[in-house]
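Novice: I would like the atomic coordinates for the input below:
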Amino acid sequence: MIWGCMCWFGVGAMSRVVGRMDAQQYVEILTQCLLPTIENCAAHPDLPPRSELIFQQDNDPKHRSRLASSWFEEKGIRVMRWPAQSPDLNPIEHLWAHLKRKLTNYPEAPGGVLELWQRVREEWSDIKAETCQSLVESMPRRVEALIRAKGGHTKY
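Specialist: Numbers count the residues shown, from 1 in each chain. This next block holds a predicted model:
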């Protein structure tokens, strides 16, 4: 399992998840990956002020844990409110699908976990900002489709 993040300007840092992720590991990954990604993006002249950035995640219990909530508050990172038992509209889910498609293009299966991880890292770093921008721009369409479906199944 891997954790990664994206923004308008492209993919951010990515981390391998060791074992079953708990709140402690989640906060460690946020510290090691999300903070540097935000700092790297902050150098971009078109980025809004950090106070206007909103981090989107799902309702996984470790994401809503007291430890994670305190971490976000301490770091001044706003988290998008997300209703319980709601469809997952997070654009990164489509980015994972994009990454999986890239990994299936290899002529041979990886020789093991280390080779797979190397391929994942290479393909992740090759994802263009335009791919992320397309996913972000699709959000209004996805929300509209969800409203039309009254919360039911959509093509997304």
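Novice: Which parts of the chain are strands?
Specialist: For the chain, the strands defined by DSSP state E occupy 2-7, 10-16, 54-55, 78-79.
Novice: Need those in TSV (columns: distance to His63 and mean neighbour count).
Specialist: Quick note: C-beta positions are derived from backbone N, CA and C, even for glycine. Shown next, in TSV, are those (distance: least, C-beta to C-beta, whole Å; neighbours: other C-beta atoms under 10 Å):
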stretch	distance to His63	mean neighbour count
strand 2-7	11	20
strand 10-16	15	18
strand 54-55	10	13
strand 78-79	8	14
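Novice: where among those strands is the average confidence lowest?
Specialist: Ranked by mean pLDDT, the strands of the chain bottom out at strand 54-55, with a mean of 90.
Novice: quick one on the thing from earlier: looking at the strands of the chain, which is nearest to Ala109?
Specialist: Closest to Ala109 of the strands of the chain is strand 2-7 (C-beta to C-beta; 17.9 Å).
Novice: Show me what the closest one is packed against.
Specialist: On a contact count with 3 or more C-beta pairs under 8 Å, 6 or more residues apart in numbering; DSSP states H and E, strand 2-7 meets strand 10-16, helix 35-42, helix 91-103, helix 129-137.
Novice: Highest mean neighbour count out of these?
Specialist: Comparing the helices and strands packed on strand 2-7 by mean neighbour count (mean count of other C-beta atoms under 10 Å), strand 10-16 comes out on top with a mean of 18.
Novice: How about Gln57: what's its closest non-neighbour residue?
Specialist: Of all residues beyond its chain neighbours, the one nearest Gln57 is His63 (4.6 Å), with distances taken as C-beta to C-beta, 6 or more residues apart in numbering.
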